[in-house]
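Asker: Need a 3D model of the following:
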Amino acid sequence: MPKTHRSFGLSITYPDNWNVTEDLDQDRVVGFQLQSPGTAFLSVVELASTTAPEKAVSEVAATIASEYENVEIEPFTPQLLSSPDPLAEVKGRELYFYYLDLLIRAQLIAFRLPSEATI
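Answerer: Residues are numbered from 1 along each chain as shown. Next comes the predicted model:
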């Protein structure tokens, strides 16, 4: 039976055999992770509302590229569902690189929630 995790105004449905952990800062949730029994995971982090989505994905992609060799980075437009209002400024990067003997595919997605004002 699928489970649902709610945080930051998001509602994420996931398989019941995945684990959820939350990152806390003085009893306030600042991030959470969903981990499959295998190798897949989802990590969600709340950034300051002044951080532009384009800046967020660019900086994280650059950090990963500095840590691993031959990282291929491609921009993409994520198709995310949002109700009742659409998400604002959705930006994405898709990364491919090798770690040990594994081909890693990562998607970085950043967006503003509908209730946030653009500064």
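
Asker: mind checking which helix or strand of the protein has the lowest mean pLDDT?
Answerer: Least confident helix or strand of the chain, by mean pLDDT, DSSP states H and E, is strand 10-14 with a mean of 89.

Asker: helices and strands around that one, which ones?
Answerer: Using 3 or more C-beta pairs under 8 Å, 6 or more residues apart in numbering; DSSP states H and E as the contact criterion, the elements in contact with strand 10-14 are strand 3-7, strand 41-45. Glycine gets a C-beta too; all of them are placed from N, C-alpha and C.

Asker: Next, the buried residues of the first one.
Answerer: By 16 or more other C-beta atoms under 10 Å, the buried positions in strand 3-7 come out as His5.

Asker: follow-up on the earlier one: list the strands paired with the least confident helix or strand of the chain, with their directions.
Answerer: Pairing partners of strand 10-14, with direction, according to DSSP bridges: strand 3-7 (antiparallel).

Asker: Show residues contacting the strand it pairs with.
Answerer: 11-16, 18, 20, 22, 29, 32, 34, 44 (C-beta atoms under 8 Å, 6 or more residues apart in numbering).

Asker: If we use 10 Å, what do you get?
Answerer: Contacts of strand 3-7 with the rest of the structure, by C-beta atoms under 10 Å, 6 or more residues apart in numbering, involve 11-18, 20, 22, 29-32, 34, 42, 44, 46.

Asker: So how do I select the buried members of these in ChimeraX?
Answerer: Selecting only the buried members of the contacts of strand 3-7 in ChimeraX, with burial defined as 16+ other C-beta under 10 Å, works like this:
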select :14,18,31,32,34,44,46
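
Asker: quick revisit: who wins for proximity to Arg112 among the helices and strands packed on strand 10-14?
Answerer: With distances scored as C-beta to C-beta, the stretch of the helices and strands packed on strand 10-14 nearest to Arg112 is strand 41-45 (14.1 Å).

Asker: What is the next helix or strand after that closest one packed up against?
Answerer: Downstream of strand 41-45, the first helix or strand assigned by DSSP states H and E is helix 53-67. Contact here means 3 or more C-beta pairs under 10 Å, 6 or more residues apart in numbering; DSSP states H and E; on that basis helix 53-67 packs against strand 72-76, strand 88-99, strand 102-112.
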